[in-house]
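*Asks:* Take a look and give me a structure for this.
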Amino acid sequence: MPNLASILVSNQAHNPLNTDIETYTSDPIKGDGYYGRSDGLHTVVWNLIGFCGTITIQGSLATEPTENDWVNIKLSSDTSFSVDTTGSAIIGSVSQITYSTSTTNAFAYNFTGNFVWVRAKITNWTTGSVDSIRVNL
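*Replies:* Presented below is the predicted three-dimensional model:
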């Protein structure tokens, strides 16, 4: 049975008085690989309020990761697809999601991997807040 773990909660907000573009990296949470699970199927959900910036989910296979041990995880959703020349839909995946205009909504993406650790990285954060980022384990 999957468990829901919080990567980020408590309305982390960009300081509107600070004109610098911000970067935020969450604390890592234990992933499937830490618990010895083998399915590696995950869904990550984030809730945004007036957010502009880029969100990346990262994973590591190291038991005690250094900054060089993290990789960007490919995310997919039912809305990230393209159509090939035969007319068939191809479900796509991306390693980061960029919101270039103020966005308020909840978004869900899937990923597969037996990562020991998982974390969120937010870059180019210019406005708004991230209410939460949660992943099932």
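*Asks:* which residue packs closest to the most centrally placed residue in the chain, ignoring adjacent ones?
*Replies:* Among the residues of the chain, the one closest to the centroid is residue 57, at 3.4 Å (Cα atoms, centre = their mean). Nearest non-adjacent residue to residue 57, counting by Cβ to Cβ, 6 or more residues apart in numbering: residue 73, 4.7 Å away. Placement of C-beta: from N, CA and C, glycine included.
*Asks:* tell me the contacts of that neighbour?
*Replies:* 56, 57, 58, 59, 95, 111, 113, 115, 118 (Cβ atoms under 8 Å, 6 or more residues apart in numbering).
*Asks:* what's the answer for residue 28, then?
*Replies:* Counting by Cβ under 8 Å, 6+ apart, residue 28 makes contact with 60, 65, 117, 118, 119.
*Asks:* if we can go back for a sec, bridged to the residue nearest to the centre of the chain, which residues?
*Replies:* Beta-bridge pairing of residue 57 under DSSP bridges involves residue 120.
*Asks:* So for residue 17, what's the pLDDT?
*Replies:* Note for residue 17: predicted pLDDT of 53.
*Asks:* Residue ranges in this protein under the pLDDT threshold?
*Replies:* 1-4, 8-21, 77-92 (pLDDT under 70).
*Asks:* Repeat the analysis, applying 50 as the threshold.
*Replies:* 1-2, 11, 82-85, 88-90 (pLDDT under 50).
*Asks:* ok, which stretches of it are helices?
*Replies:* Per DSSP state H, the chain carries helices over the ranges 32-35.
*Asks:* That one: strands as residue ranges?
*Replies:* Secondary structure of the chain, counting by DSSP state E: strands at 4-8, 12-13, 22-25, 29-30, 41-60, 71-72, 75-83, 89-94, 97-112, 117-136.
*Asks:* Please identify the pairing partners of the fourth one and their relative orientation?
*Replies:* Paired neighbours of strand 29-30 in the sheet (DSSP bridges): strand 117-136 (antiparallel).
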